[in-house]
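In: Sharing a sequence plus its predicted fold:
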Amino acid sequence: MANFVFNVALGRVAEKISDGATLRILVLKAAGTDAALKDLDTVSAVLAEGSTTEADFTNYPATRKALAAVTATVDDANDKVICDADNVTYTSAGGATNNTTTSVVIFEDVAGSDSNDATAVPLVKLDAVFTTDGNDVTLQFDGTDGFYTAS
């Protein structure tokens, strides 16, 4: 598996950030193939893909975390746009119920408050392999290239 941009979001991630979209993150403990996932247009479709399962570790939030301090920065010197956000921490992740994860999906929360997967648009899938054990887990986006770079 690899990091990729969902087809529905190609060329649009930086635009959505510039327009003030609310971006959220969901954690997957199992994911279908990249080829199967990248053609899907909603979070509902991603989660309905037969091999894909959302995390359910202890303290995984009922409302998926919103990304904070989301930016789209134009780098004229290197001819690219870097999309970044603050790191995301899951406090006391696991313990009673643990998961080994495969990836995360950053998506646009179109309806607001993480209330409707049928309208939520998946933007990027990133490899994120970790095993919960009751300790904090912090997902760190690359400081140089953020969670998405377009050039």
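Out: Sure, I can see it. Residues are numbered from 1 along each chain as shown.
In: Just confirm Thr53 contacts Val27, I think it does.
Out: No: counting by CB atoms under 8 Å, Thr53 does not reach Val27; the two are 10.2 Å apart. Every residue, glycine included, has its C-beta placed from N, CA and C.
In: out of the two, which sits in the more crowded spot?
Out: Each of Thr53 and Val27 has its neighbours counted (other CB atoms under 10 Å); Val27 has more, 26 against 15.
In: Just list the residues touching the more buried one, thanks.
Out: Listed by CB atoms under 8 Å, 6 or more residues apart in numbering, the contact set of Val27 reads 54-55, 60, 90, 99, 101, 103-104, 128.
In: at 10 Å what do you get?
Out: Contacts for Val27 (CB atoms under 10 Å, 6 or more residues apart in numbering) come out as 54-57, 60-61, 64-65, 88, 90, 93, 99, 101-105, 128, 130, 132, 137, 139.
In: Just the buried residues of those.
Out: 54-55, 57, 60, 64-65, 88, 90, 93, 99, 101-105, 128, 130, 132, 137, 139 (16 or more other CB atoms under 10 Å).
In: Looking at the chain, which residue reaches furthest from the middle?
Out: In the chain, the residue that sits farthest from the middle, by CA atoms, centre = their mean, is Ala77; the gap is 27.6 Å.
In: re the thing from before, list residues touching both of Thr53 and Val27?
Out: By CB under 10 Å, 6+ apart, the residues touching both Thr53 and Val27 are 99, 102.
In: Now do the strands in this protein.
Out: Using DSSP state E, the strands of the chain run over residues 4-5, 23-30, 53-54, 71-75, 80-84, 88-90, 103-108, 121-127, 137-139, 148-150.
In: Highest average neighbour count across these: which stretch is it?
Out: strand 103-108 (a mean of 24; mean count of other CB atoms under 10 Å).
In: which stretches of this structure have low pLDDT?
Out: Filtered on pLDDT under 70, the chain yields the residue ranges 1.
In: Where do the helices of it begin and end?
Out: 13-18, 34-37, 43-48 (DSSP state H).
In: Can I get the last one in CSV, CA atoms only?
Out: Yep, that's helix 43-48 we're talking about. Below are the C-alpha coordinates for helix 43-48, written out as CSV (Å, rounded to 0.1, in the frame of the first residue of the first chain):
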residue,chain,number,x,y,z
VAL,A,43,-16.3,8.0,3.1
SER,A,44,-19.4,5.7,3.1
ALA,A,45,-18.1,4.0,0.0
VAL,A,46,-14.6,3.7,1.5
LEU,A,47,-16.0,2.1,4.7
ALA,A,48,-18.3,-0.2,2.6
